[in-house]
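[1] Fold the following.
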Amino acid sequence: MYRLLLAPLQPVTYSRWVHLCVPILMLAVWMFIEPEAPWFPLLIVIPLGLMPWMRLAEGLQARFLLTPNDRDSADSGISAAKSARWSDRWRTLLWLEIRLVVSLMAMLATVWLPLFTAELIGTSLGKTLATDVRLPFTPSPWAAALLAPVPLVLLIVIVVLLGELMTAMARRLLGPSAAERVSALEARTEQLLERTRIARELHDSIGHALTVAVVQAGAARAAGDPEFTDRALSAIEDTGRAALEDLERVLLVLRESAQPPSQRPTLAEADRLLESARASGATVDAELTGPLERLPGPVTREGYRILQEALTNVLRHCGPVPVRVRVEVAVGRLDLEVTNPLPQQPVLVTGTGSGLRGMRERAALLGGEADSGPFEGSWRVRARLPLERIR
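    Now for the predicted structure:
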């Protein structure tokens, strides 16, 4: 009831009114041509409804007039695409037939009910209008004055109800098909996976840069050596610059810019990570064997991030301790291992453990595995990434 009271103030009421009256124009033109066969337009729309582009045209019109508040989004529940299957064509044809019938009802109400109001007003003034409209009864002048607004109120009610009916029918008959819903779901899933990957990229890259900067700044302050401080500041600068490049690339992806994003780092650039860890005071014993520059793109990029996160965790949790890094391109797989001694006293750190989980997820996406934990008195991070499935 409250919605009916507000209906005359809502723009959507009048846009739906226009939508209801548009098809009657074709019927009106036909009535001038052949008034003896008013049903013929129902046959004319059959070949139109079977044309693929008709679903697109009707969907766009329904979005703009029936759901103007959601016309630019999928929230309208109305598809704006051509018919891809015969089921879409038959639904479009049924929609056109129903629309013609409902349009005739809306047009009759639009024409006759205001005329009834005019007749009632004339009766209340004691005048007879020269129209073909005749009231089913002859009220007294005062009763006619009281009843004059009733046809207009009834017209608004009919328009609102028919508008709601056509909106529901549009969502049912012009809504996305099962195949379109599956495609939309797949696109949404891909979008969520991409956002998760970007969040992981930011965590690994920016987290590594901040950890290195904090450790190096603390070591430089404790050392009190100008030469060591100079090296630390230089390393912080290099690490920060690399993090800014990664941040710029991620932001370009998020903005969906037309400019191509920067190339993600690969294991061929692993020396940058090792030198950054060494500049933080850690002693890094690295052994990189095999053609790292020839690794498949997904493997070398995810391998770089796993190595980056492993070194970040060493500096964050243990400080500048000796680190042993082994990266080997074996037969059919890439082996990566980072080992460091456990600290004598636990270091107070904050975190959610998302780094270790991220390493496992990266490996799992490539069909590999990653694990971490105590090993012979040390802490070891190990990952194995297959190569055959990626090529």
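[2] In the stretch 251-391 of the chain, where is pLDDT below threshold?
    Along the stretch 251-391 of the chain, the parts satisfying pLDDT under 70 run over 251-263, 344-354, 389-391.
[3] all strands for it, in order.
    Per DSSP state E, counting those that start in this stretch, the stretch 251-391 of the chain carries strands over the ranges 284-289, 323-330, 333-341, 369-375, 378-386.
[4] I44: which of these is closest?
    Nearest to I44 among these is strand 378-386; the distance by Cβ to Cβ comes to 61.7 Å. Every residue, glycine included, has its C-beta placed from N, CA and C.
[5] just to revisit the earlier point, just put the strands of the stretch 251-391 of the chain in CSV and tack on mean neighbour count and distance to V212.
    Output for the strands of the stretch 251-391 of the chain, formatted as CSV (neighbours: other Cβ atoms under 10 Å; distance: least, Cβ to Cβ, whole Å):
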stretch, mean neighbour count, distance to V212
strand 284-289, 14, 13
strand 323-330, 18, 13
strand 333-341, 21, 15
strand 369-375, 14, 20
strand 378-386, 20, 17
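[6] As TSV, these with distance to P23 would be great.
    What follows is the strands of the stretch 251-391 of the chain, written out as TSV (distance: least, Cβ to Cβ, whole Å):
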stretch	distance to P23
strand 284-289	72
strand 323-330	68
strand 333-341	65
strand 369-375	62
strand 378-386	60
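[7] Could you say which one of those strands comes nearest to L146?
    Closest to L146 of the strands of the stretch 251-391 of the chain, according to Cβ to Cβ: strand 369-375, at 81.9 Å.
[8] Neighbouring strands of that closest one in the sheet, and parallel or not?
    strand 378-386 (antiparallel) (DSSP bridges).
[9] What are the contacting residues of the partner strand?
    With Cβ atoms under 8 Å, 6 or more residues apart in numbering as the test, strand 378-386 has contacts from 299, 302-303, 306, 310, 313-314, 318, 332-342, 359, 363, 366-374.
[10] Only the C-alpha atoms, please, for that strand, written as PDB.
    Extracted in PDB, the C-alpha atoms of strand 378-386 (Å, rounded to 0.1, in the frame of the first residue of the first chain):
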ATOM      1  CA  SER A 378      67.200 -25.900  11.700                       C
ATOM      2  CA  TRP A 379      64.200 -24.500  10.000                       C
ATOM      3  CA  ARG A 380      63.600 -25.600   6.400                       C
ATOM      4  CA  VAL A 381      61.400 -24.400   3.600                       C
ATOM      5  CA  ARG A 382      61.200 -26.800   0.700                       C
ATOM      6  CA  ALA A 383      59.200 -26.600  -2.600                       C
ATOM      7  CA  ARG A 384      59.000 -28.900  -5.600                       C
ATOM      8  CA  LEU A 385      57.400 -27.500  -8.700                       C
ATOM      9  CA  PRO A 386      56.700 -29.800 -11.700                       C
END
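[11] So what's the gap between it and the chain middle?
    Offset of strand 378-386 from its chain centre (Cα atoms, centre = their mean, to the nearest Å): 35 Å.
[12] can you give me the angle it makes with strand 323-330?
    Here the directions of strand 378-386 and strand 323-330 differ by 20 degrees (axes from the mean of the first three to the mean of the last three Cα atoms, to 10 degrees).
[13] Spatially nearest residue to the residue of the chain most remote from its centre, not counting backbone neighbours?
    The centre of the chain is farthest from one residue, G126, which by Cα atoms, centre = their mean lies 63.9 Å away. Nearest non-adjacent residue to G126, counting by Cβ to Cβ, 6 or more residues apart in numbering: P141, 6.3 Å away.
[14] any idea how far the one you found lies from M169?
    In this view, P141 and M169 are 43 Å apart by Cβ to Cβ, to the nearest Å.
[15] Of these two, which one has the most company?
    Between P141 and M169, counted using other Cβ atoms under 10 Å, M169 has the larger neighbour count: 18 against 11.
[16] Helix, strand or coil: sort out that one for me.
    State at M169, reduced to three classes by DSSP: H, G, I helix; E, B strand; the rest coil: helix.
[17] Pull the contacting residues for it.
    Neighbours of M169 in contact, by Cβ under 8 Å, 6+ apart: 95, 98.
[18] circling back: Validate this expectation: the residue farthest from the centre of the chain resides in a helix.
    No: counting by three-state DSSP, G126 is located in no helix; its state is coil.
[19] on that earlier part again, what's the closest of the strands of the stretch 251-391 of the chain to E58?
    strand 378-386 (50.2 Å).
[20] by how many degrees do that closest one and strand 333-341 diverge?
    Strand 378-386 runs at 170 degrees relative to strand 333-341, counting by the same axes, to 10 degrees.
[21] I24: neighbour count?
    22.
[22] correct me, but it touches L104?
    Yes: with contact defined as Cβ atoms under 8 Å, I24 reaches L104; the gap is 6.3 Å.
[23] what sits in contact with each of the two?
    In terms of Cβ under 8 Å, 6+ apart, I24 and L104 are not both contacted by any residue.
[24] so where is the stretch 51-200 of the chain shaky, pLDDT-wise?
    71-75, 128-136, 179, 182-195, 197-198, 200.
[25] Which parts of it are strands?
    Using DSSP E, counting those that start in this stretch, the stretch 51-200 of the chain contains no strands.
[26] Check the gap between the residue nearest to G126 and P149 for me.
    Using Cβ to Cβ, one gets 15 Å for the distance from P141 to P149.
[27] go on, L108?
    As judged by Cβ to Cβ, L108 and P149 stand 20 Å apart.
[28] now L342
    The spacing between L342 and P149, counted by Cβ to Cβ, is 86 Å.
[29] now A286
    Distance of A286 to P149, computed by Cβ to Cβ: 88 Å.
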